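Colleague: Build me a model from this:
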Amino acid sequence: MKGIRVTDRVAGQLVLIGGGGHAKVVADCARSCGWTIAGFYDDAPADSPFPLADSGVPFLGPVPTEFGRPGNDEAQPTALFIAIGDNEDRKRLAGSVWAADGPSPDARPGHVKVVHASSVVSPSAHIGSGTLVAPGAVINADARIESDCIINSSAVVEHDCIVGAAAHLAPGSVLGGAVAVGSLSLVGLGARVLPGVRIGSRCTVGAGAVVTANVPDGATVTGIPAKPVTSR
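Modeller: Residues are numbered from 1 along each chain as shown. Below you'll find the model as predicted:
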């Protein structure tokens, strides 16, 4: 399948991969900071109960197999954002569509971040490419958010936190100072993680949980205080 050319622009034409409910949020966030949504790719747009196409965003077809670097023949090169809520799928797509562009996510052409205009982000914080920062989110001093994360509505990331690649902080979740969240982990709705706690990779923190101790890779914890349920 033919690819498209992408480039790095602070604002302009943005194409989304994904056409469900999460993509609707991404589209609104992108518009708030100056992007125009040019359309979206999705392999099964009819499968979503909350289709982006109903919002008037053009459907561009199935996800292309390759996204290339911008060329001189491109009058309007396009930036790209993976608007998929599932952590594993988002990371897989990020690794495949830019596979030829080297190992560094932040060096991938057109692999942009989307930060809602109402969010509060410290000048000393790092936000990786492919990351969404949703309305009302707060990211404080020297926090580091890696590539392809979701910092959802009104989530709080306090000073010196580290959030690994393709992790998701659900709406209203709070990380105290110097918390570390591993890649592909989910911190659920309204969950709280106490300062200095380490959460491993591919973990799930249940909605409303209060995490007071470190969580090993692959664990699911729920409750107050949070206790292990299972591992995967």
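
Colleague: alpha carbons only for contacts and neighbour counts from here, please
Modeller: Fine.

Colleague: got the residue ranges for the helices in the protein?
Modeller: Secondary structure of the chain (DSSP state H): helices at 21-32, 87-97.

Colleague: Rounded mean pLDDT for the shortest one, please.
Modeller: Along helix 87-97, the predicted confidence averages to a pLDDT of 88.

Colleague: how long is stretch 144-157 end to end?
Modeller: Start and end residues of stretch 144-157 are separated by 9 Å (CA to CA, to the nearest Å).

Colleague: what do you get for stretch 202-211?
Modeller: Span of stretch 202-211 from end to end, CA to CA: 16 Å.

Colleague: Identify all contacting residues around it.
Modeller: Here stretch 202-211 makes contact (CA atoms under 8 Å, 6 or more residues apart in numbering) with 182-194, 197, 215-226.

Colleague: out of the residues you listed, which are buried?
Modeller: Buried residues within those, counting neighbours by 16 or more other CA atoms under 10 Å: 182-194, 197, 215-223, 226.

Colleague: Out of these, which sit inside strands?
Modeller: The members of the buried ones among the contacts of stretch 202-211 that map onto strands under DSSP state E are 186-187, 192-193, 219-222.

Colleague: How is this protein partitioned into domains?
Modeller: 12-107, 113-231 (the TED database).

Colleague: State the mean pLDDT of the longest one.
Modeller: Regarding domain 113-231, the rounded mean pLDDT is 97.

Colleague: before we move on, the earlier item: most packed of the domains of the chain?
Modeller: Counting by mean count of other CA atoms under 10 Å, domain 113-231 has the highest mean neighbour count of these, with a mean of 22.

Colleague: can I get the CA coordinates of stretch 212-220 in CSV?
Modeller: Only the C-alpha atoms of stretch 212-220 are listed here, as CSV (Å, rounded to 0.1, in the frame of the first residue of the first chain):
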residue,chain,number,x,y,z
THR,A,212,1.5,2.8,48.8
ALA,A,213,4.2,0.3,47.8
ASN,A,214,6.2,-0.7,44.7
VAL,A,215,4.3,-2.8,42.1
PRO,A,216,6.3,-5.5,40.1
ASP,A,217,6.1,-5.9,36.4
GLY,A,218,2.9,-7.3,35.0
ALA,A,219,0.9,-7.0,38.3
THR,A,220,-2.6,-5.8,38.7
